[in-house]
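Q: no letters, just coordinates:
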């Protein structure tokens, strides 16, 4: 399980809006620092995930890439997604089988998500206390955790207000 190098507590949904181009640039910088290569295909996939503004499914990414490039094979898109996931630049939301960009691409970390069942928005809940609590509880039970994926479903404030 990836450790957080610094504290990132943020529960302000306004902070969770990405400028896709600026985000890709931040990831390019993180790749340069780590000695990684952000290929044009990886950058395109990352840009599409960031521009989506909410969780996006792999086949929706493929459709977008087909409209931009003419065609893209599923294996190439999945390889790009695997790289981006492995490096912590995006997160996979298992319960909705979709991907979202990470709000701190410079630091690999585990975060819980609040997922609205109505509008499908996902809020990356950046609160290290949750990760620490889960790690300590697992350790107390003798459990060796490899990863944390916590997804909380419900209604966001905007949908509840309607």
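A: Thanks, I have it. Values in this document were obtained by computation on a predicted structure and should not be read as measured data.
Q: which parts of whichever strand or helix holds residue 158 are buried?
A: Taking DSSP states H and E as the criterion, residue 158 maps to helix 157-161. For helix 157-161, a neighbour-count test (16 or more other Cβ atoms under 10 Å) marks nothing as buried. For every residue, glycine as well, the C-beta is placed using N, CA and C.
Q: equivalent analysis for stretch 134-152, please.
A: 134-135, 148.
Q: residue 121: which of the residues you listed is nearest?
A: Nearest to residue 121 among the buried residues of stretch 134-152: residue 148, at 21.0 Å, using Cβ to Cβ.
Q: let me see the contact set for that closest one.
A: Neighbouring residues of residue 148 by Cβ atoms under 8 Å, 6 or more residues apart in numbering: 1, 110, 112, 131, 134-135.
Q: and residue 114, that one's in a helix?
A: No. The assignment for residue 114 by DSSP: H, G, I helix; E, B strand; the rest coil gives strand, which leaves it out of any helix.
Q: how near is the nearest residue to residue 118 once chain neighbours are set aside to residue 114?
A: The shortest distance from residue 118 to any non-neighbouring residue, by Cβ to Cβ, 6 or more residues apart in numbering, is to residue 159 (4.1 Å). Distance check for residue 159 against residue 114: by Cβ to Cβ, to the nearest Å, it reads 12 Å.
Q: now do residue 64
A: Taken as Cβ to Cβ, the span from residue 64 to residue 114 is 25 Å.
Q: I'd like the next helix or strand past the helix or strand containing residue 64.
A: Here residue 64 sits within helix 58-69, counting by DSSP H and E. Counting by DSSP H and E, the next helix or strand C-terminal to helix 58-69 is helix 74-86.
Q: quick one: contacts of that following helix?
A: By Cβ under 8 Å, 6+ apart, helix 74-86 touches 39, 41-42, 44-46, 49, 58-59, 61-62, 65, 90-92, 99.
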